[in-house]
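1. predicted coordinates and the sequence they were generated for:
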Amino acid sequence: MSRTTTEATPVPAAPAAGVVPPGRAGRGGPARRAASPRRATPAMRRLHRTEHRWAAAFVAAPVLGFLVFTLYPLGYALYASLTQWNGLTAPRFIGLDNYTRLLSDPYFRQTLGNTAFYLIGIPIGLVLALLLAIALNRKIPGQTAFRTIYYVPVISSLAAIAIVWQFAYNGDFGLVNQVLAWVGIEGPNWLQNTATVKPAIIILAVWKGLGYSMLLYLAAIQSVPRSLYEAASLDGANGYQRFRSITLPMVRPVTFFLVVTNIIAGSQIFTEINIMTPTGGPEFSSASIVYYIVRQAFRYQQMGYATAMSVVLGLIVFVVTLIQFRLNRRNSFSID
Amino acid sequence: MSRRTPLSTTAQNRLVNTVLFVVLALGAVVMLAPLLWMVTTSLKTKADVFALPPVWIPDPPQWDTFTRMWTDTAVLSGLKNSVVVAGTVTVVGSVTSSLAAFALAKMRLPFKNAIFLGLLAGLMIPYPTLMIPQFVMFSTIGWVDTLLPLIVPLLFGNIVMIFFLRQYLTSVPDSMVEAAKIDGASYLQIFGRMIFPLIRPAIAAQFILWFMTIWNDYLAPILYLNSESKQTLQVVIANLNVEYATQRDYPLIMAASFVALLPLLVVFLLFQRQIIESVALTGAKG
């Protein structure tokens, strides 16, 4: 990066400036004619062919990467999910056996349920983030400082955060229970308790993601024209009405974006689980679906079975995303 | 807010703002507390970690925990490996991504939009669905326990980055590119002298965000990296967490975790305006 940057820096001012004006001033005509695909002369066709070749060369890398590292593994995953496979010897075709086995696997059902449970954190996080953004949007002293502070967990390494929170949730000497002790509450041993381990992880996830959602909401709110609120106030709308009828519809696209991306990411929750509860929690009560996939594939070498689970996960993510796009299209309306 | 509002509303506003300030300040404490606690714990003695009532401020601070960390653990090699992975990927990947974005936004190419949509569709496939076949692919060519599986696939470009750069390039008039062509500039020259300088701010923003993602990546590294000297920093601290927890050496674990997030924290504090703006833009575009 730095090398490319230093080479390019001195150049642009001169050539770019030299190149642009003539094109705009004098040669716009021929340039536009050259751009039209109709009535192409052989010379022009040759030029286009050169351009095609260069363009193809420029997009070759991502296309190749897509074919080799996405499409091929995807196809292989679909095939491998129909096989018994330990990753070392050749896969043996067994039809839909893996999928029927999934239906009766209590761990699969449990980890799927746990993963769905973690998604409760999404609405909690979004409501908090929106409230924060509305508060920050008022001219409050230290606005920038608050924005920065709330964003720090977002940029922090999730592994490091998970380690700290694992320690903070320790029943005897963790930060959480030490603080709770101030107000006379004797906190549980959060991560060792089936009732508290999932809420504990949700709290961590909300804490970690709050700054990001808040930032997007704040940007959306700040782009709402002032005049809308002023007009509403003149019409006698109170604060709540202004929120219901202006703020909420205006931030709708952001809400949609956050819900979709949070569900996609949340259904793949793994790092927190693997670090904070390395065994999947008491009675497997914190294990997520990706945790279970990784365990079956890389500890027990059940690659075929794990792949079938990963295909189901991919399908769920795909279908849920599709449904959301449908719902969004049906409910969306324009306010301008 | 405006000149027309009566005085009483202004006073009320001030009261609301004060209340909100207090609430936000309390929230800020909650956001920072675990991180501060991580730092103070790293400076405590092993015994003080378990002291009751809790020791909040270590006295005297045990700076030698950090010396121990450099000499006794793999934090240094982890740091080096993380820099190698994140650095190589983002530098090379940014070049391939911006060339592709240029071609997709400003050049003639049959099936251009279909190619772009196909690449975007790839984003919908979760990594866990691909990781097992990818792992077997890389293990057959002997790349397990090397950094290559973490680097090579990403050198081919980042679709998210391509998406945003392409978006950014739509604001550049086609006539500029056409004019440069007529002046006899090659496509590489057009990219290097005209397009690259124009999209540099967008590249920089995406570069930082991408670097952060790779730096913090955990799932792929734990699948591939077995020997301690090959592990990236996130894997190193996760293993330290298991290994040293049995020895109850929490100061060391916290020190290593702090070091793992410190580089990005510094980058963030230095470039916070650019980072925050580009993130806000991500949401607006997405």
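-> Everything's here; your move.
2. now A:Q324: how far from A:V183?
-> Using CB to CB, to the nearest Å, we find A:Q324 at a distance of 40 Å from A:V183. C-beta: built from backbone N, CA, C; applies to glycine.
3. what sits against residue 264?
-> Since no chain was named, I'll use chain A. Contact analysis of A:I264 by CB atoms under 8 Å, 6 or more residues apart in numbering or on different chains lists A:317, A:321, B:124, B:126.
4. you looked at the wrong chain, it should be chain B
-> A:155-157, B:212, B:215-216.
5. swap the cut-off to 10 Å and go again
-> Shown in contact with B:L264 (CB atoms under 10 Å, 6 or more residues apart in numbering or on different chains): A:152, A:155-157, A:160, B:86, B:208, B:211-212, B:215-216.
6. ditto for A:Q192
-> Counting by CB under 10 Å, 6+ apart, A:Q192 makes contact with A:169-171, A:277, A:281-282.
7. can you tell me the element the spatially most central residue of chain A falls in?
-> Centroid check for chain A by CA atoms, centre = their mean gives A:T261 as the closest residue, at 3.9 Å. Assigned by DSSP states H and E, A:T261 falls within helix A:252-266.
8. which strands and helices sit next to whichever helix or strand comes after that helix?
-> Once helix A:252-266 ends, the next helix or strand along the chain (criterion: DSSP H and E) is helix A:271-276. With contacts taken as 3 or more CB pairs under 10 Å, 6 or more residues apart in numbering or on different chains; DSSP states H and E, helix A:271-276 sits against helix A:106-118, helix A:158-168, helix A:197-222, helix A:289-294, helix B:219-224, helix B:233-245.
9. in the stretch 51-200 of chain A, mark out all the strands, start to finish.
-> For the stretch 51-200 of chain A, the strands defined by DSSP state E, counting those that start in this stretch cover A:83-84, A:92-93.
10. centre of the chain versus the last one, how much separation?
-> Average the C-alpha atoms of strand A:92-93, do the same for its chain, and the two points are 35 Å apart (CA atoms, centre = their mean, to the nearest Å).
11. pick the one among the contacts of A:Q192 closest to chain B.
-> Comparing the contacts of A:Q192 against chain B with CB to the nearest CB places A:N170 closest, at 9.2 Å.
12. what sits against the closest one?
-> A:N170 sits next to A:176-178, A:187, A:189-192, B:49-50, B:245, B:250 when contact means CB under 10 Å, 6+ apart.
13. mind putting the residues you listed into CSV with pLDDT?
-> Formatted as CSV, those follow (pLDDT from 0 to 100):
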residue, pLDDT
A:V176, 94
A:N177, 93
A:Q178, 91
A:G187, 91
A:N189, 94
A:W190, 95
A:L191, 95
A:Q192, 94
B:V49, 87
B:F50, 86
B:A245, 82
B:Y250, 93
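14. most widely separated two among these?
-> The largest separation in those, counting by CB to CB, is between A:G187 and B:A245 at 19.7 Å.
15. any idea how far A:A133 is from A:A220?
-> Per CB to CB, A:A133 is found 8 Å from A:A220.
16. shared neighbours of those two, anything?
-> Counting by CB under 10 Å, 6+ apart, the common neighbours of A:A133 and A:A220 are A:247, A:251, A:254.
17. ok, so of the residues you listed, who is nearest chain B?
-> Here the nearest of those to chain B, counting by CB to the nearest CB, is A:V254; it sits at 5.5 Å.
18. quick revisit: just flag the most distant two among the contacts of B:L264.
-> Pairwise distances across these peak at 19.5 Å for A:V152 and B:A86 (criterion: CB to CB).
19. most centrally placed residue in chain B?
-> B:M212 (1.2 Å).
20. doesn't that one fall inside a helix?
-> Yes - per DSSP: H, G, I helix; E, B strand; the rest coil, B:M212 lies within a helix segment.
21. and it, what's its pLDDT?
-> pLDDT, B:M212: 93.
22. in chain B, which residue sits closest to chain A?
-> Here the residue of chain B nearest chain A is B:A179; by CB to the nearest CB that distance is 2.0 Å.
23. that residue: neighbour count?
-> Using other CB atoms under 10 Å in any protein chain shown, B:A179 has 25 neighbouring residues.
24. secondary structure element for it?
-> Element membership of B:A179, judged by DSSP H and E, is helix B:174-182.
25. what residues of that helix count as buried?
-> Of the residues in helix B:174-182, B:175-181 count as buried by neighbour count, 16 or more other CB atoms under 10 Å in any protein chain shown.
26. with stretch B:259-267 instead?
-> Of the residues in stretch B:259-267, B:259-261, B:263-264, B:267 count as buried by neighbour count, 16+ other CB under 10 Å.
27. got it, and stretch B:247-255?
-> The neighbour-count check on stretch B:247-255 (16+ other CB under 10 Å) flags B:249-255 as buried.
28. so between A:V152 and B:A86, which is more surrounded?
-> Shown here are A:V152 and B:A86; by other CB under 10 Å, B:A86 has more neighbours (25 against 19).
29. check contacts around the more buried one.
-> Applying CB under 10 Å, 6+ apart, the residues near B:A86 are B:150-151, B:154, B:210-217, B:232-233, B:263-264.
30. what about chain B: which of the shared contacts of A:A133 and A:A220 touch it?
-> Checking the shared contacts of A:A133 and A:A220 against chain B by CB under 10 Å from any CB of the partner chain, the ones in range are A:251, A:254.
31. of the shared contacts of A:A133 and A:A220, which is the most crowded?
-> The most neighbours of any of the shared contacts of A:A133 and A:A220, using other CB under 10 Å, belong to A:V254, which has 26 neighbours.
32. much appreciated, bye for now.
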